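Everything below, folded, please.
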Amino acid sequence: MNPVFIPLRAHTEFSITDSIIRIPDLAKRAAESGYPALAIGDLMNLFGALKFYQACRKHGVKPILGADVRVSNPDRPDTPFRMMLLVQNEHGYRRLCALLTRAYTDPQRDPHLPQLRPEWLEEGSNAGLIALCGAAAGEIGTHLAVPTTPTAPAPPPHVTPRCSPMPFIWNCNACPTAPIGNASFQAA
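Here you go, the predicted model:
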């Protein structure tokens, strides 16, 4: 069986600061490229979900809904972690909607940088969601980028343990040269 590539981090015109890709063009291109499925992951919103669903169905591509979310970073409040939350079923969709709504309506929110709080991931059931770690901008990637020594180990993760029982997938992005801690890795 040959492995199949499925894009899980597509940003669209609804990620105003990240992308200008139009949803109908994205779905059409996915079908032309032979992708069996495609995930939308706009930044902190699901505004394009219906349009994305309809466009993917029209072109015979399975739509996967999700959102690229900011999660507050207790060590650096001005630099939140990133995490992709993908929907598995109706419960996951409702949970993601509730989390995003809370990020925009919580009385103690930062109105200029809406984000989830790690403790919100412990409240309620995350069944129906899949979390992708956020690569270099995620909690794990951020901690890997901090130089460590025997006297100053990497800080413990705050967000990752809170995702249980939601499946949590660690992913990485290819880049030509990326410093990781005290080492540097070259892309092949």
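
In terms of helices and strands, where is the residue lying closest to residue 56 once chain neighbours are set aside?
Nearest residue to residue 56, sequence neighbours excluded (C-beta to C-beta, 6 or more residues apart in numbering): residue 63, at 3.7 Å. (C-beta placed from N, C-alpha, C; glycine too.) Here residue 63 is covered by strand 62-64, with elements defined by DSSP states H and E.

And the next helix or strand after that strand, what does it pack against?
Remark: after strand 62-64, the chain's next helix or strand is strand 66-71, criterion DSSP H and E. For strand 66-71, the packing partners by 3 or more C-beta pairs under 8 Å, 6 or more residues apart in numbering; DSSP states H and E come out as strand 42-43, strand 81-87, helix 90-105.

would you turn the ones you listed into CSV with mean pLDDT and distance to residue 57?
Below are these laid out as CSV (pLDDT from 0 to 100; distance: least, C-beta to C-beta, whole Å):
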stretch, mean pLDDT, distance to residue 57
strand 42-43, 95, 18
strand 81-87, 92, 16
helix 90-105, 96, 16
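
Could you report the neighbour count for the closest residue to residue 10 other than its chain neighbours?
Distances taken as C-beta to C-beta, 6+ apart place residue 40 nearest to residue 10, at 5.6 Å, with adjacent residues excluded. Residues within reach of residue 40, counting by other C-beta atoms under 10 Å, total 31.

Can you list phi and psi of residue 40 for me?
Backbone geometry at residue 40, expressed as degrees, to the nearest 10, gives phi -90, psi 140.

I'm done for today, thanks for sticking with me.
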